[in-house]
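Here is a sequence with its predicted model. Questions after.
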Amino acid sequence: MSSRNFILIVGLALFLMWYVSDWAYKTLYLAPRQELGNEITKLSGEIATGRNNLADMTLSNQQNFGFYSRTLPPVPNEAQSQYSFWLLELLLYSGFESNHNHVTPRSPVRVPTGWSYQFNVQSTGTLAQLSYFLFEFYYAPFLHRISTITLAPVEGKPEQLTFSMAINALALNTYPYQPMNRMPTGYIQRLQNDLAAYQVIENRNLLQTARGGIDRADYTFFTGIVEIGNQKEVWFSVRTDDSRITAKLGAPVQSGSFSGRLVEILDQDIVLDRNGERWLLTAGESISQAFALPPETAEVNE
């Protein structure tokens, strides 16, 4: 073998050794270490995320502890009966007479957070009594609110009013902090813990237009048309005493200062005759909101 061939063989062998060692270094050593580093980085990020989530959950639980301690009992029957009793007791405590107090619970509704309850409350009293009721209501610890409230003066009693309220209350799913059948106790600061902040309601004289005497016609509303047999009947709702007036075609209609006769029934409107004048009234309006029709309309209808 010539020296030239020997040198070529040795050079080729060295090249093969370099190529194989470089491949082995990159494939068997460098690549696994990079994968391991990436995996460590990924796991470190997940651990940090988990710690942040755990911290958020801990903070959330601490913040929500107050909500859980204020929830109604999760058993619907217990919640309805106990909260209804509490509302009646609050009405009496606020000075309302028991024979005027009515609390009507509606069927509970299942919601993602637990159970939602609605109660309708009706009573008759003064603005001072209502102010105290609101003070105690918002001072109580329950998860509840007054969604709507309607006030109306009482005819013949200028200082009295009737009110109707829709109240919503909530019972949460998670209930780990008190017995299943017990209502929350204590008080919680909501809007104002000072009774004087609520007493401004009675001082604002909300019924100043009624205290000199009210016109029942202002609170008599045309609520709908009902067909009984082959005859249509018009219904009016009197909001001062929650009574109803019904009239058929040709029948007299009288409320407060208004005295007339029902002469025409349309789809959503009616026509009333008063001393020879015709008045158009639309569903949802009070009698005092009736619109006077031109005399020629009566001639056309005749």
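In hand now; what should we look at?

contacts and neighbour counts: CA atoms only from here.
Noted.

Residue 254 contacts residue 260, doesn't it?
Yes. Look at residue 254 against residue 260 with Cα atoms under 8 Å: they come within range, at 6.3 Å.

So for those two, which sits in the more crowded spot?
More neighbours surround residue 260 than the other of residue 254 and residue 260, with 19 against 16 (other Cα atoms under 10 Å).

which residues touch the more buried one?
Residues in contact with residue 260 (Cα atoms under 8 Å, 6 or more residues apart in numbering) are 252, 253, 254, 272, 273, 274, 275.

Export the residues you listed to CSV and append columns for distance to residue 48 and pLDDT.
As requested, the contacts of residue 260 are exported to CSV (distance: Cα to Cα, whole Å; pLDDT from 0 to 100):
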residue, distance to residue 48, pLDDT
252, 80, 94
253, 77, 93
254, 77, 91
272, 76, 94
273, 80, 92
274, 81, 90
275, 84, 87
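
Closest to residue 230 out of the residues you listed?
Distances from residue 230 to the contacts of residue 260, taken as Cα to Cα, are shortest for residue 252 (19.5 Å).

Give the bridge partners for the residue nearest to the closest one when sequence neighbours are not counted, please.
Nearest non-adjacent residue to residue 252, counting by Cα to Cα, 6 or more residues apart in numbering: residue 261, 4.2 Å away. Residues in a beta bridge with residue 261, per DSSP bridges, are residue 252, residue 273.

Assign a three-state SS to the residue at minimal distance from the centre of the chain, would you?
Nearest residue to the geometric centre of the chain (Cα atoms, centre = their mean): residue 147, 5.4 Å. Under DSSP: H, G, I helix; E, B strand; the rest coil, the three-state class of residue 147 is strand.

ok so, going back, most neighbours, which of the contacts of residue 260?
Ranking the contacts of residue 260 using other Cα under 10 Å puts residue 272 first, with 28 neighbours.
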